[in-house]
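**Q** Got a predicted model here, sequence first, then my questions.
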Amino acid sequence: MGVRIHRNPQAYREYEIRVGREVLLPLLARWAWFPIGKRVLELGCAEGGLLDAFHDGGSHVAAVELDERRAAYAAKSSPYDLDVYVADITQPNLTQRIPGCWDLIVLRDVIEHIGDKQQAMRNIKTLLSPGGQLFMETAPWFMPFGGHQQVLDSPFRFVPWLHLLPRRSYRKFLLNVLKQQPALVEDLMSTYDCQITMRQLHRLIRGTGFSIEHERLYFINPAYRIRFGLPEIRWPFSSRFPLVPEVAATSVAMLLSAR
């Protein structure tokens, strides 16, 4: 299923819708955050399905997407009037293009694809309303699937830590041995180049003036239930716990506040 949705915009949008309704909103509710009357902006919205849950819950929503085709698909496919801004969230003038202040900004599976992470976080801080919060979810680099190799069109997509091969060897293995499509390989190599470890993530959060209000760490994250039929399994400890979260989790979800 992971391969099919990765290459199918409609299927991926349906997956995003389920993640929003079955995973993200219930998690936020446990953290006492509720969508009614809130202004929600998703950065890196892909096909835009995640925002359906917030819209249906009573939020005013908008999105930012770098890929023009995905942005157009998100706007066209939405059953409501979704504003999708085509923009690079690392650009210093981003805050001049996006109107209003936002109660929640969603950055899900995006930070590990960004080169200038500090500028992106500074932009987010500026876009937040007073008291606004940032929801961030990511798979830090040393986690079993931190390279997003689960999207491969190969049984090797189930091999943990495959992405820890040296860069040149990893690229050759994907192209020449696994015979993956060049566009997919370049996407994975971009993740390789923009990688972020758990330690770097905490340093980024502190260095850009955010604090962690809530977090949840997963051995098998709940989106894998939707995507691969796997059961959700949580880690019982903090992401600051030495070593184990860095290498043995598949996802960390955080709700951040600006200091």
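**A** Arrived safely, thanks for sending.
**Q** where does this structure have low pLDDT?
**A** For the chain, the stretches with pLDDT under 70 are 1-6.
**Q** Now for the residue most central in space within it: which residues touch it?
**A** In the chain, the centroid-proximal residue (C-alpha atoms, centre = their mean) is Asp109; its distance is 1.6 Å. Asp109 sits next to 44, 137-139 when contact means C-beta atoms under 8 Å, 6 or more residues apart in numbering. To be clear about C-beta, it is placed using only N, CA and C from the backbone, and glycine gets the same treatment.
**Q** and if we set it to 7 Å?
**A** Residues in contact with Asp109 (C-beta atoms under 7 Å, 6 or more residues apart in numbering) are 137-138.
**Q** need the contact list for Ser78.
**A** Gly48.
**Q** Trp31 against Arg216, yeah?
**A** No: with contact defined as C-beta atoms under 7 Å, Trp31 does not reach Arg216; the gap is 8.8 Å.
**Q** And for the residue nearest to Pro130 when sequence neighbours are not counted, the neighbour number?
**A** What sits nearest to Pro130 in space, not counting adjacent residues and going by C-beta to C-beta, 6 or more residues apart in numbering, is Cys101, at 7.5 Å. For Cys101, the count of nearby residues is 14 (other C-beta atoms under 10 Å).
**Q** Pretty sure Cys101 sits against Ser129.
**A** Yes: with contacts counted by C-beta under 7 Å, Cys101 reaches Ser129, the gap being 3.5 Å.
**Q** sec struct for Leu255, please.
**A** Per DSSP: H, G, I helix; E, B strand; the rest coil, the local secondary structure of Leu255 is strand.
**Q** Now for it: which residues touch it?
**A** Residues counted as contacts of Leu255 (C-beta under 7 Å, 6+ apart) are 31, 33, 133, 135, 213-214.
**Q** From those residues, keep the buried residues only.
**A** 31, 33, 133, 135, 214 (16 or more other C-beta atoms under 10 Å).
**Q** can I get those in TSV with distance to Pro92 and secondary structure?
**A** TSV is the format used below for these (distance: C-beta to C-beta, whole Å; DSSP: H, G, I helix; E, B strand; the rest coil):
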residue	distance to Pro92	secondary structure
Trp31	31	coil
Trp33	29	coil
Gln133	23	strand
Phe135	23	strand
His214	30	strand
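**Q** separation between Val23 and Gln133?
**A** Counting by C-beta to C-beta, to the nearest Å, the separation of Val23 from Gln133 is 17 Å.
**Q** Let me fix that, I meant to ask about Gly115.
**A** Distance of Gly115 to Gln133, computed by C-beta to C-beta: 24 Å.
**Q** ditto for Arg206
**A** 16 Å.
**Q** and if you look at Pro144?
**A** Taken as C-beta to C-beta, the span from Pro144 to Gln133 is 28 Å.
**Q** before we move on, back to that, which one among the contacts of Leu255 gets closest to Gly57?
**A** Trp33 (10.7 Å; C-beta to C-beta).
**Q** Contact partners for the closest one?
**A** Trp33 is in contact with Leu255, counting by C-beta under 7 Å, 6+ apart.
**Q** quick one: the strands in the stretch 151-259 of the chain?
**A** Remark: strands assigned in the stretch 151-259 of the chain by DSSP state E, counting those that start in this stretch are 210-220, 233-234, 251-258.
**Q** Tell me which of those sits most buried.
**A** Ranked by average neighbour count under the criterion mean count of other C-beta atoms under 10 Å, those are headed by strand 251-258 at a mean of 21.
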